[in-house]
Structures are given as structure tokens and as C-alpha cells.
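Asker: Compute the structure for the input listed below.
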Amino acid sequence: MTYATLISDAKTFYTALNADNTKAWWQEHKATYDDNLKAPALALLEDVTSPLSELADAPIKTKLFRPHRDVRFSKDKTPYNTHLHMMWQTDTDAPQNPVFFFGVGLEYVTAGVGMMGFDKPVLANWRKMVDLDTDRILRIVGDIEKAGFELREPELKRVPAPFDKDHEAGRLLRMKGVTASQELSPNAKLPDALVAIFREGWPLNAMLLSVAAA
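Answerer: Below is the predicted model:
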């Protein structure tokens, strides 16, 4: 199974879906999704697993996100996602494990690392670690950004109590999850481009894994 054209095939498929996001269109083109997107995506997940397992020195779980949208609590009732998202997650005894992710949407091709949202105990660990080990964590985050990663914006507008509102790492304390991502060229060579990004981002995931396990 080849995924050499996965990005371009996904862009073509989702552009057409976006123009007619209906069950009828999906049923008519489901075979295209299965053959040109789902099968190559599953092959890509499998082929990237071994390098990541070696990098993390841990087993890796994979996930291809479902094409159907959860519209139960959304005003937007269009039934299908117009993106292809997948992830690899370290499988350790830590309460929460970081992930490596890859996504192709109508206007983006991105890959990255991190924890999408901290579980409550991990959030407490994160804030404590940021406060007690500020210099090291700022250095890791700074190196990640120098490597071309962009951190997701903090969810909180203010530094949470009991930390100083002018804390040196206030931006990090305002986060309820930490992810860092890079844009990929639509012509990026898979899986090499992904593995390279995941290797560059591994120090962040390693740090988050230690936070979760603290």
C-alpha cells in the first residue's frame, strides 16, 4: 500500500466533500475514501509506529479519526469532517500519555506533538513543575519553537492562582494542554517528513511524560 499521494488525494476528496457535505454524496464516493484515504492512512500509521516506538522506547498505539462528525451538540449539522486526522500515542504506565499527530484539511497540512488537554491531576502536576523547574521547561519549549514549531495559544486569559500574575512562565501556566505543530508542504515525502518532525518534537513529549508520571 502506497501513501505517496495521500496528501493530494485528501485535498481533492475534501474539497469535493466540502461542496456537497451530504450523506448521498458520501455514499456515492465512500469507495474513494476507503481506497485513496483510509487504506493509505492505516498503512502510514503502521509504518511510522516502529520509528516512534524506538524513539520513545515504549509501545505505540495508533488512531485514525472517524470521518463522521459528532453533531449532537453542534449547530452545524453537516455530517462529515472535511479533514483527515490521525495520531500515534505512547503506551506507558503514566496516567496520561503524549501523542504525535498528523492532519490534512482544506487549508492545512500539519504535524506535531503534545497533550491536547491535561487530565485534572496532570494539569496540577504541570503547573507545579512549571513553577518549580521554570528554567528547564522554558529552555525545552524555547528549543521547540526555535526548531520551527508553533505552540497552541493558552486557554486561560490570566495566570491561575496561586501563581504570580507576572510569573516568568505565565504563558505556560495559562495552558490547559500543550501542543506544538509545524506546517508541512503539500509535497512532503511521507513518512520521512513526519518522522523528522516527531523526532524534533520528542523533547516536549518526553518532558510531558515526566510531568504526567510525577
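
Asker: For this structure, which segments are assigned as helices?
Answerer: Counting by DSSP state H, the segments of the chain that form helices are 6-19, 23-32, 39-56, 120-132, 134-146, 170-173, 192-213.

Asker: Spatially nearest residue to the residue nearest the centre of the chain, not counting backbone neighbours?
Answerer: Centroid-nearest residue in the chain, with C-alpha atoms, centre = their mean: residue 101, separated by 3.4 Å. Distance criterion C-beta to C-beta, 6 or more residues apart in numbering; nearest residue to residue 101, sequence neighbours excluded, is residue 87 at 4.3 Å. To be clear about C-beta, it is placed using only N, CA and C from the backbone, and glycine gets the same treatment.

Asker: what's the pLDDT at the one you found?
Answerer: If you check residue 87, the pLDDT there is 98.

Asker: That one against residue 100, yeah?
Answerer: Yes. Shown here, residue 87 and residue 100 form a contact pair, counting by C-beta atoms under 8 Å, at 6.5 Å.

Asker: Poorly predicted segments of this protein, please.
Answerer: Counting by pLDDT under 70, the ranges of the chain that qualify are 1.

Asker: Check which residues of stretch 127-143 are buried.
Answerer: By 16 or more other C-beta atoms under 10 Å, the buried positions in stretch 127-143 come out as 127, 129-131, 133, 137, 140-141.

Asker: want to throw those residues into TSV with distance to residue 110?
Answerer: Output for the buried residues of stretch 127-143, formatted as TSV (distance: C-beta to C-beta, whole Å):
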residue	distance to residue 110
127	27
129	27
130	25
131	30
133	29
137	23
140	21
141	18
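
Asker: Going by distance to residue 204, which of those wins?
Answerer: residue 140 (6.3 Å; C-beta to C-beta).

Asker: How about the contacts made by the closest one?
Answerer: By C-beta atoms under 8 Å, 6 or more residues apart in numbering, the residues touching residue 140 are 203-204, 207.
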